[in-house]
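> sequence and predicted model, in that order:
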Amino acid sequence: MKECNAPIGVFDSGVGGLTVAREIIRQLPNESVVYFGDTARVPYGSKSRDTIIRYSRQIIHFLRTKNVKAIVIACNTASAFALDTIEKELEIPVIGVVKPGAKTAVETTKNKRIGVIGTEGTIRSALYTEYIQSIDPTIEVVGKACPLFCPLVEEGMLHDPVTDEIAARYLKDLQDENIDSLILGCTHYPLLRGTVAKIMGSGVHLVNPAYETALELGRLLQQKQICAEDGGKVEHAFYVSDAEEKFKDFANSIMPFQIELIEQIQIESY
Ligand code: DGL
């Protein structure tokens, strides 16, 4: 197979990264995706940097066995903790979701006050702040961890009074911060976009890193001249490290097509 027609490797701690995979599939319809969700070891949001780097190396090792031409770290926590290390070790292009999200927020803000919501790990890493301030040091960034959002999304409670109540409590601090842009800095949060938008109001622009990452990937493939050819065979494959059934139900509730085959692999052996 020509290198340009090889698939893109996309990975996340579990199901959340499907929000990134679906954007890639939507924006780059000629590209094939090999997705890996680390459902046996989720959540990443509460784990240490060293653990996330070790997990990411194993996953990349697995994805390389599928001859991927580029890798997208769809998980915000893994992008925050592992991208810098992984980048130096790989000879194929790799991108994370944090930089594209940060860049767009900088382009969006008018009053130079940006909010970021994410897992504890992402907020603790302060990487969004670092990237934003490396572009414009005068921008103030306010972070808020929202650890209950992921389980609520995975339980399918997207439109539920309990989710509304929890979101109102988490976002209260940010409402007082006069931000005009808010980064949805976790894979699951774009699925709560409506809830967050209602609470933050129309004066706050929501930045979805999944969308921005797919755009950035398109640019990168063009720059490296490895875009898949028109009219070629497009095939997506899905792998998990635990229980395919739960993954399948969630995946089929958010993807634009039905996923029939999901393969479980022993990620610790990579
Ligand atoms: N995928 C993770 C992220 O975007 C959220 C879920 C987890 O904590 O593993 O940070």
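Yes, it's here.
> which other residues reach stretch 51-59?
Stretch 51-59 is contacted by residues 11, 36, 38, 41, 44, 73, 77-78, 81-82, 85-86, 89, 121, 267-268, 270 when judged by C-beta atoms under 8 Å, 6 or more residues apart in numbering. Glycine gets a C-beta too; all of them are placed from N, C-alpha and C.
> and the ligand, which of the residues you listed contact it?
Among those, the ones lying near the ligand by C-beta under 6 Å from any ligand atom are 44, 77.
> and the gap between T19 and the ligand?
According to C-beta to the nearest ligand atom, to the nearest Å, T19 and the ligand sit 9 Å apart.
> list the contacts of that residue.
74, 187-188, 190-191, 210, 254.
> which residue is the nearest non-sequential neighbour of the residue nearest the centre of the chain?
Centroid-nearest residue in the chain: A74, 3.4 Å away (criterion: C-alpha atoms, centre = their mean). Closest residue to A74 apart from its sequence neighbours, by C-beta to C-beta, 6 or more residues apart in numbering: G17 at 3.2 Å.
> for the one you found, grab phi and psi.
Torsion angles at G17 (phi, psi; degrees, to the nearest 10) stand at phi -60, psi -10.
> for Y35, same thing?
Main-chain dihedrals, Y35, degrees, to the nearest 10: phi -100, psi 140.
> out of the contacts of T19, which is most surrounded?
T187 (32 neighbours; other C-beta atoms under 10 Å).
> give me the secondary structure label for that one.
When classified by DSSP: H, G, I helix; E, B strand; the rest coil, T187 comes out as coil.
> check the contacts of T19 one by one and keep those near the ligand.
Counting by C-beta under 6 Å from any ligand atom, 187-188 from the contacts of T19 sit close to the ligand.
> including pLDDT and secondary structure, could the contacts of T19 go into CSV?
Formatted as CSV, the contacts of T19 follow (pLDDT from 0 to 100; DSSP: H, G, I helix; E, B strand; the rest coil):
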residue, pLDDT, secondary structure
A74, 98, coil
T187, 94, coil
H188, 95, coil
P190, 95, helix
L191, 94, helix
A210, 95, helix
I254, 91, helix
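> report how many residues lie close to G185.
31.
> hmm, it is touching P209, no?
Yes. The pair G185 / P209 is scored as a contact, 6.6 Å apart, by C-beta atoms under 8 Å.
> residues bridging contact with the two, i.e. touching both?
Joint contacts of G185 and P209 (C-beta under 8 Å, 6+ apart) are 76, 98, 101.
> inside helices: which ones of those residues?
Using DSSP state H, the subset of the shared contacts of G185 and P209 located in helices is 76, 98, 101.
> count the residues that sit near the residue in the chain positioned nearest to the ligand.
Among the residues of the chain, G45 lies closest to the ligand, at 2.8 Å counting by C-beta to the nearest ligand atom. G45: 28 surrounding residues under other C-beta under 10 Å.
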